[in-house]
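Engineer: requesting a structural model of the entry that follows:
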Amino acid sequence: MKALFRLLLFCFCLLCAFESGAEDMSALSSYHRYIRKYKDLAIEHQQKYKIPASITLAQGLLESGAGQSDLARRSNNHFGIKCHDWKGKRVYHDDDRRGECFRKYSKVEDSYEDHSKFLALRSRYAPLFRLKITDYKGWAKGLQKCGYATDRKYANKLIKVIEDYKLYQYDSSKKKKKSEVVVGHTIYRSNDLLYVHAKTGDSLEDISKSTGISLRKLSKYNEMPKDFPLQAGDVIYLEKKKKKADKAYSQHIVQIGESMHSISQQYGIQVKSLYKLNKKDKDYIPEEGDVLKLR
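Structural biologist: Presented below is the predicted three-dimensional model:
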């Protein structure tokens, strides 16, 4: 009898674990399905309107809940654009206030087209179009500063989605030409860590060739994929990061456009240690003004 009870208990636990895993996979795959379905459209709009495909996809994912939100299902509105001067069909939905007016579209493609025009034709977003097409961080920060959304975490959420799902890979269809010339990098030391600054057009592979440290190790030390897009001035560590910052840095006040990873790079702390020091779970997204412990 006890053996039967243990068997039934084991089967029950196994079933619960399976169902929980299935839910997690379902939530995860909804984002991947959305990306596969709309990435070509986002790239097309990047070529036509000069808006980074990563930004378009990240906004679509967040604003529409990967196409599953009530607003997206009822109106094909994937970017949360309200009526304003809209003369087309409309739908009413609770947002910052009850019963706000949102634009309604016949198909999702129309929502993407309207979103691109919404950004491209409004003067307040003009500064964004002077940024490089690969500068998704600049675009994310600019969208929040220009008032696209009232969420104080909006830029940081966009950046996290772009980096978690490697959406930056869609921001340039032109592959970088390989050069036989290895550009040298000056090596610095801070917090007892060796590091270099990325140069314009650098990749982790370039820094690997310059420093003689394997691409696999650089990727591991800096907690970033091997194809992660670098910007001039980015800090790239040549050894494993620490569990806490130097004594001179006890805390950090979060700015628009920062992620736990970018903060960890700034102070040479492992990402997992930064979460642990601040008792945050992996879903935490830093908000402008948050104060984070560094040691």
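
Engineer: how many other residues sit next to the spatially closest residue to Gly257 that is not a sequence neighbour?
Structural biologist: Excluding the flanking residues, the one nearest Gly257 by Cβ to Cβ, 6 or more residues apart in numbering is Lys141, at 3.7 Å. (Each C-beta comes from the backbone N, C-alpha and C, glycine too.) Per other Cβ atoms under 10 Å, the neighbour tally for Lys141 reads 23.

Engineer: ditto for Asn77
Structural biologist: Using other Cβ under 10 Å, Asn77 has 26 other residues around it.

Engineer: need the CA coordinates for stretch 198-207. CSV is fine.
Structural biologist: C-alpha atoms of stretch 198-207 as CSV (Å, rounded to 0.1, in the frame of the first residue of the first chain):
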residue,chain,number,x,y,z
ALA,A,198,36.0,48.6,-27.9
LYS,A,199,36.7,50.6,-31.0
THR,A,200,34.3,51.7,-33.7
GLY,A,201,33.3,48.6,-35.7
ASP,A,202,34.8,46.2,-33.2
SER,A,203,33.5,42.7,-32.5
LEU,A,204,34.4,40.3,-29.7
GLU,A,205,36.3,38.4,-32.4
ASP,A,206,38.4,41.4,-33.3
ILE,A,207,39.3,41.9,-29.6
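
Engineer: distance check, Asp151 against Leu167.
Structural biologist: 19 Å (Cβ to Cβ, to the nearest Å).

Engineer: so these two - more neighbours on which side?
Structural biologist: Comparing Asp151 with Leu167 by other Cβ under 10 Å, the one with more neighbours is Leu167, at 23 against 14.

Engineer: so the residue nearest to Gly257 touches Ser262, yeah?
Structural biologist: No: using Cβ atoms under 8 Å, Lys141 is not in contact with Ser262; the gap is 11.5 Å.

Engineer: isn't Asn156 up against Tyr284?
Structural biologist: No: in this structure, Asn156 is not within contact of Tyr284 by Cβ under 8 Å, at 10.2 Å.

Engineer: who has more neighbours out of the two?
Structural biologist: Ranked by neighbour count (other Cβ under 10 Å), Asn156 and Tyr284 place Asn156 first, with 27 against 15.

Engineer: that one in helix, strand or coil?
Structural biologist: Following DSSP: H, G, I helix; E, B strand; the rest coil, we place Asn156 in the helix state.

Engineer: any idea how far Tyr221 is from the residue nearest to it when sequence neighbours are not counted?
Structural biologist: Excluding the flanking residues, the one nearest Asn156 by Cβ to Cβ, 6+ apart is Ile285, at 5.2 Å. Taking Cβ to Cβ as the criterion, Ile285 is separated from Tyr221 by 24 Å.

Engineer: same thing with Ser75?
Structural biologist: Distance from Ser75 to Tyr221, by Cβ to Cβ: 46 Å.

Engineer: ok, back up a step: tell me the pLDDT of the residue nearest to Gly257.
Structural biologist: pLDDT recorded at Lys141 is 95.

Engineer: do Arg90 as well
Structural biologist: Taking Arg90 on its own, its pLDDT is 87.

Engineer: please save the CA atoms from stretch 253-262 in CSV.
Structural biologist: Taking Å, rounded to 0.1, in the frame of the first residue of the first chain, the C-alpha atoms of stretch 253-262 are listed here in CSV:
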residue,chain,number,x,y,z
ILE,A,253,21.6,55.2,-9.3
VAL,A,254,19.9,53.7,-12.4
GLN,A,255,19.7,55.9,-15.5
ILE,A,256,17.4,55.6,-18.5
GLY,A,257,18.6,52.9,-20.9
GLU,A,258,20.6,50.8,-18.4
SER,A,259,20.3,47.1,-17.8
MET,A,260,21.7,44.9,-15.1
HIS,A,261,24.2,43.7,-17.6
SER,A,262,25.4,47.2,-18.6
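
Engineer: residues making contact with it?
Structural biologist: By Cβ atoms under 8 Å, 6 or more residues apart in numbering, the residues outside stretch 253-262 that reach it are 137-138, 140-141, 144-145, 155-156, 159-160, 163, 223-224, 263, 271, 274-275, 280, 284-292.
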